[in-house]
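J.: Coordinates for the following, if possible.
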Amino acid sequence: MHGVRANTKRYSTGAYQYAQVCFKMERDSRFYTLSIVIALLLVAATYSGLWVSPAAAPGRIALAFLCFLAWSKWRLCEAIAGHDGLH
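T.: Alright, predicted model coming up:
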């Protein structure tokens, strides 16, 4: 049963009324799975910058910057969709 129900329970000190609330929640596991996959891909891309030659500084900076841009777009899309954990 879903909804609110008023009940009365008897104790040795008297009868007391209380409210019983029942609700059902469901979650969409696809969102969490996609979030984990995207996070792992971003970590792998960022970590791969360690194998880029230190002499190729522009390449390392570009890789780090692209990972940051991808992460910020991902967070923006989450916030717009209402899945940022702040609601």
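
J.: Against Ser29, how distant is Glu78?
T.: 16 Å (CB to CB, to the nearest Å). Where you see a C-beta, it was placed from the backbone N, CA and C, and this is true even at glycine.

J.: Same question for Gly3.
T.: Using CB to CB, we find Gly3 at a distance of 26 Å from Ser29.

J.: Identify each buried residue in the lengthiest helix in the chain, please.
T.: Longest helix in the chain by number of residues (criterion: DSSP state H): helix 57-81. Within helix 57-81, the residues scored as buried using 16 or more other CB atoms under 10 Å are Arg60, Leu63, Cys67, Trp71, Glu78.

J.: Of the residues you listed, which is the nearest to Val43?
T.: Minimum distance to Val43 across the buried residues of helix 57-81 is 8.7 Å, recorded for Cys67 (CB to CB).

J.: so who does that closest one touch?
T.: Going by CB atoms under 8 Å, 6 or more residues apart in numbering, Cys67 touches Leu42, Ala45, Thr46, Gly49.

J.: Look up which residues are beta-bridged to Lys9.
T.: Beta bridges link Lys9 to Tyr16, judged by DSSP bridges.

J.: How many neighbouring residues does it have?
T.: Counted with other CB atoms under 10 Å, residues neighbouring Lys9 total 9.

J.: pretty sure it is touching Ala15, no?
T.: Yes: the criterion here is CB atoms under 8 Å, and Lys9 meets it with Ala15 at 7.2 Å.
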